[in-house]
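Engineer: Turn this into a model:
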Amino acid sequence: MESKPKIAVIHPNSLCCLAMRSILADIAPFVGMFRNVEIASYNSMEEFEADEPHTAIHYFVAAEILADHLPFFAPQHRRCIVLVEGAAEDVPAEFRTVDLRRPERDLLKTFLAIHNAAHAAHGMRPRAEKEYAELLSPREKDVLALTVKGYINKEIADRLNISSATVVFHRRNICEKIGSRSIGRLTIYAVMNGIVDLREL
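Structural biologist: A predicted model of the protein is given here:
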C-alpha cells in the first residue's frame, strides 16, 4: 500500500511539535498541496529516520537538529522551514526561518506568506480548494474580514451599519460553514480566498 505524502515536524520539544501540528492542520484544508497529507512529528532525527519511508514533502525542523544534520537538509533547503527561538544567526542563509517566540497569529501570517511566496515564485496565484471558495455570502465575507482584522461585534456592526445581533448571526453562520470557531482557521480561510490581504492583518 502506498503511503501518504508527509510533512515532518522535527523538534526535541513535544509541545512545540504539538503546536506546529495544530497550526499545519488548520492550514491544510485550505491549501491544495497540503490536502491529504500526513502531518507527523518527531523528537529527533533518529526517530524520523526510523519511520519508513523517511522522506517528506516539507520539513519543519529545529535549528539545532538542522545544524547536526546539515548534509541531509542542505540539498532540500527549499522544502525546509527552520524553527528558531529568537535570532537565526547560526542558520545558513538559504533556509527560511520562523521564530517560535512570536504569537500564533504572527506564525500563521508567516506560514501563509511563505506559501504565497512559493506560489508566486512558480507563477501561480495561491488559491483555496474549489469547494471552499464560495462558501460565504458577500455580507458574511464583510463580517469575516473585519473579524480577522480584530474588530469586535459592536465595531463590525457600526462599520457595516447593521445590528450587533446580525453580526452574531453572521459569525455563527461563518463558523458553521468553515467548520471551526478558531480565529486561526478563519484567518487562513480569509487569506486563502482573497477576502483579506496578509498586509491588512
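
Engineer: which residue is nearest the centroid of this structure?
Structural biologist: The chain has Ile27 as the residue nearest its centroid, 4.2 Å off, counting by CA atoms, centre = their mean.

Engineer: Just the pLDDT for that one.
Structural biologist: As predicted, Ile27 sits at a pLDDT of 73.

Engineer: per-residue pLDDT, the spatially closest residue to it that is not a sequence neighbour?
Structural biologist: Computed as CB to CB, 6 or more residues apart in numbering, the closest residue to Ile27 that is not its neighbour in sequence is Ile188, at 5.5 Å. Every C-beta, even on glycine, is put in place using the N, C-alpha and C of the backbone. For Ile188, the model assigns a pLDDT of 82.

Engineer: now for the one helix or strand Ile188 maps to, which elements pack on it?
Structural biologist: Under the criterion DSSP states H and E, the helix or strand holding Ile188 is helix 183-192. Helix 183-192 sits against helix 14-27, helix 104-121, helix 138-148, helix 164-178, with contacts defined as 3 or more CB pairs under 8 Å, 6 or more residues apart in numbering; DSSP states H and E.

Engineer: lowest-pLDDT helix or strand in this protein?
Structural biologist: helix 130-133 (a mean of 49; mean pLDDT, DSSP states H and E).
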